[in-house]
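> What would the 3D arrangement of this be:
(2 chains)
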Amino acid sequence: MPRKETEQKQVRPLSMVKAGETVNLAGIEAGRGLNSRLASMGLVAGVEITVVKSGRPGPFVVSVKNTKMVLGRGMAQKIMVV
Amino acid sequence: MDKVTVALAGNPNSGKTSIFNMLTGARQHVGNYPGVTVEKKEGLCKYDGYEITVVDLPGTYSLTAYSIEEIVARNFIIDERPDVVVDIIDASNIERNLYLATQLIEMNVPLVLAFNMSDIARQRGFVFDIEQLSKLLEARIVPTVGNKGKGKKELLEAIIKTADEGSIGRTHRITYGDEIENELAAIEAIIREKEGDLAKKYGARWLAVKLLEQDKDMTSKVGSGEVLQTVSASVEHLRTIFGDEPEIVIADRRYGFISGACQETIESTVESRHSMSDRIDAIVTNRALGLPIFLILMYLAFFLTFKLGEWPMIWLEQFFGWAGNMIAGFWPAGSDNWLKSLLVDGVISGVGGVVVFLPNILLLFLAIALLEDSGYMARAAFIMDRVMHKIGLHGKSFIPMLIGFGCSVPAIMGTRILENRRNRFTTIMVIPLMSCGARLTIYMLIIPAFFADKVILQAGIFTIKTQALMLWLIYLIGIVLAVICAKVLRLTLFRGETIPYVMELPLYRMPTLKSVLIHMWQRGWMFLKKAGTIILAISIVLWAAMSYPKPSQQSLAGLEPEQAQQTELAYSVVGRIGRAIEPVLKPLGFDWKIGTALIGATAAKEVFVAQLGMVYAVGSGNQGSETLREKLQANYTPLAGFCIMLFCLISTPCVVTIVMTKQETNSWGWALFQFFALTALAYAITLIVYQVGSLIAG
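Down below sits the predicted model:
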C-alpha cells in the first residue's frame, strides 16, 4: 500500500529553525507586554517569518513582512512556529 | 497669524526625524517631557500665513502602555490636543506601519498620513491607489521623501486643510468581530453611565477598547467598580471563546483591517527580496568579518572624536589664553586685584574649561549621527551584544564606554543611543571607570617617579617594560572594575529584564549632510546651554576656594614665587580642608599635600599635577615635573604612588562628569550617588591595597 504523503507540520520554537527556512507564526509563549510589543512589530499569528541568520550562538535575524529584525536567543525560544 | 500645533507620530526608522527636519529646518528645540528622560523635540514652521508648531513624538510601534515612550506619546495627543497628528509611514513597509495608524484612527484625532520613503516604495514596485486608501482610512495621504525634502508643500497643505476641518466624526470604524463588539457595546454603555468624565475626555469607545486590552494606564484611571467588573467579565468571556488574551485578538483584527484595506488599494509589481541592504549585511554581520569591521569603525570614531578634536581644542586654549591676557592687561602688571583674579582665573578659566569640551562633543555626535543615520548602529549593537550581554548590558553600550577612554563627558552624553533606561543608567554610572585622558597626566607623573623603566620580559621583538606594564595594569583594573560594577548594578539597583531583545534592522541609507549637521548642532547647543552654566558656576566656586582666604602680604615677603604660591595654597579653603582630612587619608598612604591636590582635582584631573606642584613649591613645565618626581620619590613609597593612581582611577574624574550625569539622568540624585559611590569605592579599594601592601612589604 503506497505510503500517504502526510506533511507533518510540527509546532516548534523559532530557535530550532534553520537559516533560509520560511515558517508561519503559531503563537508566542510570553507575557502580555512582550506579546503586545511583538504584535505591534508585525509578529501576529499566521504571519510568514523567514530566518535570515540562525543564532547559533547569538541573536537571530529574521525577515517579517518586508522588515528585518534581530531577535535575542531567549526571544526566539518563545516564538512558536509551524 | 493663525497658530497650528502638529504632532508627528510614527514607527522608529520610518524617517520621522527627516520629516521633522524638513519642516522645521534649524528652528528646533530639544528638551525633556516633564518628569521623564524621554526627549521632547519641538520646532517651528511658517507657511501661508500660519505659524505651525511641530512636536516630534517619540518613535513607537503602537500606543499601548508598555513603554514610557508610548505613554508619553499617547498622553501628549490626549492632553495637549494638537490640531493635527501626522503619522509618518514607511511606504515600503505599509502593513506594519499602519498598525500605529489604526490606533490613531481609534483615538479620533485629525489625521494626516505621510507615505514617506515613497521613492524606495516605488523602487520596490509598490503602486498605491492613494485616493481609495485615503477614503478607507478617512485621512489625507501625502507621499513624501523626507531626506530629500520632497512633498513638503503638499504635506503642509494637507496639514492646514485638516487643521481647518477640525475633528470630524468618522463613518468607518475598525470593527473587531461580533464577539468583541458585543462586549465593547456593554462596556461602552456602563462607561457612559458611571464614568461620564472619562468618556468625555477619552471617548467611550476608545476607552472601552483600552480597558478590554487591559491597558494598565487607562485601567488605573477608572474608579467605578462596576465598570471594572464588567470589563473583567468580558475579558474572561473572550478568553474562553478565543483561547487567547483579548488584546492579542484585537491586535490580530487590526492587522485584518489593514490587510483588507491594503489588498484593495496596493499593487506590488516587483518581488524584490535581495536588496542592497542584504548584501551589505552579508559582509558586515558575517561571523568572521563582522567583529574586525566593527573594531575598525570604532577606532575611526574614536580617532575622529579625539585626534581631529585636538586642533580646535588647541585653538580654543590659545583663544582663552589670549582673552585672559587681554583682560589682565587692564590692570598693571603683577597686580593682585580680586576682580582681575576672578575674571581671569575664575570666569575665563571656567568658561574655557567648558567650551574646551565642545569640539569633542560635536565630533562624537558627528560620528554617532553617521553611524545611526546610515543604519549601521543597529548592526553594531547586534555584533557586540554577545559580549555585552554577559555583563548585563546592551550591545550599544560598547560605544559610549569606548569613548570614555578619551573623556567621560562626551561618553556620558553618548549614552543617549541607549533606549533602555536601566542600561543607560548603568552605563553612565560605570563610564568614569574607563580611565580617561585627563588621568593620563597623573599616571605620566607618578609612574616614572616610582617605577624605573626596566625590562621585565623579552621575547623576540616584544619587550615588556615596567612602565608600560604599570600603565596597562591601571587601565585593566579600570575595565575589570567597570565590568564588576555593571554586573552588580544590574543585579541590584537597575535590575530586571530590559526590554526584550527585539530590534528592527533598518535598510542602509546614505546619511544626508543636513540631518547629520542638525544632529551635531543640537547636541552641542544642549551641552553649552545646560551643562555650561552649571560648570561655570562650580568653577568659580572652586577658584574661590583655592584662592581665598589669602595670607597677609608680610608673610609672603621675601619668598620665591613658587614658595609664595605654596603658602597661599596652604592658607586657602582647599588647603585647610586638605589638612583637615589628612587623618582620613593617612590609612591610604596619603598626606595633606596629596589631599589638597585631590580636592583641587575635582575641578579637572589635570589640575592634580599643577596643584601638587604648587604644594611642593615646584615650578611648572618639564623641569618642574622632574623636580616634582624627585620630591614624590623622596616623600612616598612606590606603594603609596600606586595607591594615588588607584584612587584617581576610581574616583570621579571631574566636576563636569557629575554635571553631565545630572543632565543625562535628569536628576541631581543620581549624579551625587555616582560621585559618592565612586569616591567610597575608591577609598575602600585604596585602603585595602595600601594596608595589605604595607603588611606584605613591611
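> How about the residues of chain B by chain A?
B:61-62, B:64, B:66-67, B:92-93, B:95-96, B:99-100, B:214, B:245, B:247-248, B:251-252, B:255, B:277-278, B:281, B:285, B:378, B:382, B:385-386, B:499-505 (C-beta under 8 Å from any C-beta of the partner chain). The way it works is simple: take the backbone N, C-alpha and C, and place the C-beta from them, glycine included.
> Next one: the residue minimising distance to the centre of chain B from chain A, what distance?
For chain B, the residue sitting closest to the mean C-alpha position, by C-alpha atoms, centre = their mean, is residue B:416 at 1.9 Å. Taking C-beta to the nearest C-beta, to the nearest Å as the measure, residue B:416 falls 20 Å from chain A.
> so that residue touches residue B:665, yeah?
No - in this structure, residue B:416 is not within contact of residue B:665 by C-beta atoms under 8 Å, at 11.6 Å.
> Give me the secondary structure label for residue B:66.
Of the three states, residue B:66 takes coil under DSSP: H, G, I helix; E, B strand; the rest coil.
> Which helix or strand contains the closest residue to it other than its chain neighbours?
Nearest non-adjacent residue to residue B:66, counting by C-beta to C-beta, 6 or more residues apart in numbering or on different chains: residue A:33, 4.7 Å away. According to DSSP states H and E, residue A:33 maps onto helix A:32-40.
> Now residue A:50: which helix or strand?
Using DSSP H and E, residue A:50 falls in strand A:48-53.
> what's the answer for residue B:7, then?
strand B:2-10.
> which residues touch that strand?
B:16, B:19-20, B:49-57, B:59-60, B:73, B:76-77, B:80, B:82-89, B:97, B:100, B:104, B:116, B:159-160, B:163 (C-beta atoms under 8 Å, 6 or more residues apart in numbering or on different chains).
> The residue nearest to residue B:66 - how many residues pack around it?
Counted with other C-beta atoms under 10 Å in any protein chain shown, the neighbours of residue A:33 add up to 17.
> Can you list the low-confidence ranges for chain A?
For chain A, the stretches flagged by pLDDT under 70 are A:1-9, A:56-58.
> What residues does it have near chain B?
So chain A meets chain B at A:30, A:32-42, A:44-45, A:52-53, A:57-59, A:61, A:64-72, A:74-75 (C-beta under 8 Å from any C-beta).
> now those residues: which count as buried?
A:30, A:33-42, A:44-45, A:52-53, A:58-59, A:61, A:64-72, A:75 (16 or more other C-beta atoms under 10 Å in any protein chain shown).
> Domain parsing of chain B, as residue ranges.
Per automatic domain parsing, the domain ranges recorded for chain B read B:2-165, B:178-268, B:274-379+B:505-534, B:535-697.
> how far does the longest one stretch from start to finish?
So that's domain B:2-165. 14 Å (C-alpha to C-alpha, to the nearest Å).
> Could I get the average pLDDT for that domain?
Averaging pLDDT along domain B:2-165 gives 90.
> for that domain, the distance to its chain's centre please.
How far domain B:2-165 lies from its chain's middle: 24 Å, per C-alpha atoms, centre = their mean, to the nearest Å.
> try the last one
The chain centroid and the centroid of domain B:535-697 are separated by 30 Å, computed with C-alpha atoms, centre = their mean.
> Ends of it, what's the gap?
OK, domain B:535-697 end separation, C-alpha to C-alpha: 43 Å.
> ok so, going back, just the domains of chain B: most buried one?
Among those, ranked by average contacts under mean count of other C-beta atoms under 10 Å in any protein chain shown, first place goes to domain B:2-165 (a mean of 20).
> sorry, back to before: in strands only, show me the contacts of strand B:2-10.
Among the contacts of strand B:2-10, DSSP state E puts B:50-56, B:84-89, B:116 in strands.
> can those go into a markdown table with extra columns for distance to residue B:430?
Shown next, in a markdown table, are the ones in strands among the contacts of strand B:2-10 (distance: C-beta to C-beta, whole Å):
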| residue | distance to residue B:430 |
| --- | --- |
| B:50 | 48 |
| B:51 | 45 |
| B:52 | 43 |
| B:53 | 39 |
| B:54 | 37 |
| B:55 | 34 |
| B:56 | 31 |
| B:84 | 44 |
| B:85 | 40 |
| B:86 | 40 |
| B:87 | 39 |
| B:88 | 36 |
| B:89 | 39 |
| B:116 | 38 |
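> that older thread, which residues are in contact with the strand holding residue A:50?
With C-beta under 8 Å, 6+ apart, strand A:48-53 has contacts from A:14, A:17-25, A:43, A:60-65, A:68, A:79, A:81, B:278, B:285.
> same question, stretch B:420-430
By C-beta under 8 Å, 6+ apart, stretch B:420-430 touches B:37, B:68, B:392-394, B:396-397, B:400-401, B:412, B:415-416, B:418, B:482, B:485-486, B:489-490, B:494-496, B:498-499, B:661, B:664-665, B:670, B:674, B:677.
> Let's see which of the residues you listed end up in helices.
B:68, B:400-401, B:412, B:482, B:485-486, B:489-490, B:661, B:664-665, B:670, B:674, B:677 (DSSP state H).
> Of all pairs in those, which one spans the longest distance?
Farthest pair in those (C-beta to C-beta) is B:68 and B:482. Separation: 26.6 Å.
> Pull the distance from stretch B:164-173 to the chain's centre.
Using C-alpha atoms, centre = their mean, the offset of stretch B:164-173 from its chain centre is 39 Å.
> Likewise for stretch B:346-357?
The answer for stretch B:346-357 is 23 Å, by C-alpha atoms, centre = their mean.
> hang on, residue B:46 in a helix?
No - if the criterion is three-state DSSP, then residue B:46 is strand and not within a helix.
> Thought residue B:27 was touching it, still the case?
No - taking contacts as C-beta under 8 Å, residue B:46 lies outside contact range of residue B:27: 9.1 Å.
> and residue B:486, what does it touch?
Contacts of residue B:486 by C-beta under 8 Å, 6+ apart are B:391-393, B:426-427, B:429-430.
> Most neighbours among the residues you listed, which one?
So for the contacts of residue B:486 (other C-beta under 10 Å), the most neighbours sit at residue B:427, 32 neighbours.
> For it, give its distance to residue B:201.
39 Å (C-beta to C-beta, to the nearest Å).
> Quick one: mean pLDDT over stretch B:346-360.
76.
> what does stretch B:368-387 give?
Mean predicted confidence for stretch B:368-387 is 82.
> What lies in contact with it?
So stretch B:368-387 is contacted by A:57-59, A:61, A:70, A:72, B:277, B:281, B:284-285, B:290-291, B:294, B:297, B:301, B:394-399, B:414, B:417, B:501, B:503-512, B:515-516, B:519-520 (C-beta under 8 Å, 6+ apart).
> could you redo the last one with a cut-off of 6 Å?
With C-beta atoms under 6 Å, 6 or more residues apart in numbering or on different chains as the test, stretch B:368-387 has contacts from A:58-59, A:70, B:284-285, B:290, B:294, B:395-396, B:398, B:505-506, B:508, B:511, B:515-516, B:519.
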